[in-house]
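Chemist: Whatever this is, show me its structure:
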Amino acid sequence: MPESFGGLLREFRTAAGISVAELAKRGNYSKGYISKIENDLKPPNAMLARICDGVLDAGGALIEAAREARARVEEANTLDRRQMLAGAGAVLGIALAGGPRPIVDERAVAGLRASFEQLRTLGMQTSPAVILEPLVAQTRTVHALARGNPEPVRSRLLLLAARMAEYTGWLSQEAGNEHDALSWTRHSSELGQAAGDLEMTSYAYVREAGLALYRQDPIAAIDLARQAQRLGRPGSRTFGLAARREAQGHALAGDRDAFERAMDTAAKPLYGAIVDSRNYPVLGSTAPDPLALARGWSLTDLGRPGDAATLLTAELTRVPAANRRTRARFGVRRSLAHALDGEIDESCRTLAETIDDVAHVDSATVRTDLRELGRCLSRWRGHHSVREIYPELSRVLHRR
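Modeler: Prediction:
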């Protein structure tokens, strides 16, 4: 087996009986560019790997080879968990203004929770920059109140602070700050443990697995998702979300069989779980069918962009218009799937439907896929649909 991506690409192309010129034509690349890739004069990118994998029916081998090539280059970017934990306390200094600690009753706890729910609803529709500052202040206040109140109010406040810290981590990721995302996520686990509830410990691993996915690190994503399933005390829903995240990791690694097994593991607890929100406001995605959306997302990674686009189109009709963040995330992914499938007109049409949501939610993670979509469409700059949508796409990508 060739050691380089270029050698592997040449091997599959030769076995398929396709010339360099024909492969370049089918993928809408230049012959010279494909030659440079095969001779390892240029590094492979994910988009080229997916296209060539589909054209040559490589079964995910080229996708995985390109990912391994990128991983070797990016190995130095791995974050050390223990170092981050050591610094978390300094990042999250928590104190109330001087004076006696206010006494909080159950009615006040309910009011604080309602206030957080309002911020979370707003977070579905607008930029993290609008939400993060008041959210951080509220999280620190709730934590400090827990320190000054007796049981059972203390535990109630700690559990609420844990959920708020987890959501702060998520919004930090959406704002493009992975350092803060990790710090807040791990702090949420500590708060849950302090309240005597290990559910948040398990869910924190699910969140960290999500961060690994966006770093294009399937090995870390799979490992963290598996830890979420066996550590702490995951409820049925958290266990299902962890298995779902594991499946996405396997898809990113190009392992179809492992992907299907993990999706099967996720189905029963997710579809059969009764959501218990007594301790925490609902953890994870509030989309009607998060498992189906994850499948649509992952089929692109598995080299089946046409199937991905079809499934995502069906599922997006079920996502409420008010949930702009979810619609932006999976809408861009659908447009990318169309583009990778060669359906350029449909990619541009669906992007035009989604671009307003993308602009409003201002998500760093959505922009990751949007940049890849932009690179894909840039190869079709002469196409009339691309010429129409490209100025708006560029405006959204560069608006900060």
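
Chemist: Please, which helix or strand holds the residue nearest to Asn279 when sequence neighbours are not counted?
Modeler: Nearest-residue entry for Asn279: Leu159, 4.8 Å, with adjacent residues in sequence omitted and distances by Cβ to Cβ, 6 or more residues apart in numbering. Heads up, the C-betas are built off the backbone N, CA and C, glycines and all. Under the criterion DSSP states H and E, the helix or strand holding Leu159 is helix 153-174.

Chemist: what pLDDT, on average, does that helix get?
Modeler: When pLDDT is averaged along helix 153-174, the result is 95.

Chemist: quick one: low-confidence parts of the stretch 151-300 of the chain?
Modeler: For the stretch 151-300 of the chain, residues meeting the criterion pLDDT under 70 lie at 232, 273.

Chemist: change it to 80
Modeler: Flagging of the stretch 151-300 of the chain using pLDDT under 80 yields the residue ranges 232-233, 272-282, 286.

Chemist: just to revisit the earlier point, extract the C-alpha set from the helix holding Leu159 and format it as CSV.
Modeler: As requested, the backbone C-alpha atoms of helix 153-174 are provided in CSV (Å, rounded to 0.1, in the frame of the first residue of the first chain):
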residue,chain,number,x,y,z
VAL,A,153,-31.2,25.2,47.3
ARG,A,154,-27.4,24.9,47.2
SER,A,155,-27.5,21.8,45.0
ARG,A,156,-30.3,23.2,42.8
LEU,A,157,-28.1,26.3,42.1
LEU,A,158,-25.0,24.2,41.5
LEU,A,159,-26.9,22.1,38.9
LEU,A,160,-28.3,25.2,37.2
ALA,A,161,-24.8,26.7,37.2
ALA,A,162,-23.4,23.5,35.7
ARG,A,163,-25.9,23.7,32.8
MET,A,164,-25.2,27.4,32.3
ALA,A,165,-21.4,26.7,32.2
GLU,A,166,-21.9,24.0,29.6
TYR,A,167,-23.9,26.3,27.4
THR,A,168,-21.3,29.0,27.9
GLY,A,169,-18.7,26.6,26.6
TRP,A,170,-20.9,25.8,23.6
LEU,A,171,-21.3,29.5,22.8
SER,A,172,-17.6,30.1,23.2
GLN,A,173,-17.0,27.4,20.6
GLU,A,174,-19.6,29.1,18.3
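
Chemist: Please point out which parts of whichever helix or strand comes after that helix sit buried.
Modeler: Helices and strands here follow DSSP H and E; after helix 153-174, the next one along the chain is helix 178-194. Neighbour-count burial for helix 178-194, with 16 or more other Cβ atoms under 10 Å as criterion, is recorded at 178, 180-192, 194.

Chemist: Run the angle between helix 178-194 and helix 153-174 for me.
Modeler: Here helix 178-194 runs at 160 degrees with respect to helix 153-174, directions being taken by axes from the mean of the first three to the mean of the last three Cα atoms, to 10 degrees.

Chemist: and helix 178-194, what does it pack onto?
Modeler: Contacts defined by 3 or more Cβ pairs under 8 Å, 6 or more residues apart in numbering; DSSP states H and E place helix 178-194 against helix 81-91, helix 153-174, helix 199-214.

Chemist: Where does Asp40 sit: helix, strand or coil?
Modeler: Recorded secondary structure, Asp40: coil (DSSP: H, G, I helix; E, B strand; the rest coil).

Chemist: Would you mind confirming that it makes contact with Leu9?
Modeler: No - the criterion here is Cβ atoms under 8 Å, and Asp40 misses it with Leu9 at 9.8 Å.

Chemist: between these two, which one's more packed in?
Modeler: For Asp40 against Leu9, the residue with the higher neighbour count under other Cβ atoms under 10 Å is Leu9, and the figures read 28 against 16.

Chemist: Flag the shaky bits of the stretch 1-150 of the chain, pLDDT-wise.
Modeler: Low-confidence segments of the stretch 1-150 of the chain, defined by pLDDT under 80: 1-3, 47, 70-102.

Chemist: The residue nearest to Asn279: what's it in contact with?
Modeler: 191-192, 195, 197, 200, 279-280 (Cβ atoms under 8 Å, 6 or more residues apart in numbering).

Chemist: and which of those residues is nearest Asn149?
Modeler: Top of the list for closeness to Asn149, among the contacts of Leu159 and by Cβ to Cβ, is Ala195 at 12.4 Å.

Chemist: Relative to Ser189, how far out is the residue lying closest to that closest one once chain neighbours are set aside?
Modeler: Using Cβ to Cβ, 6+ apart and skipping the chain neighbours, the partner closest in space to Ala195 is Leu158 (3.7 Å). Applying Cβ to Cβ, to the nearest Å, one obtains 12 Å for the distance of Leu158 from Ser189.
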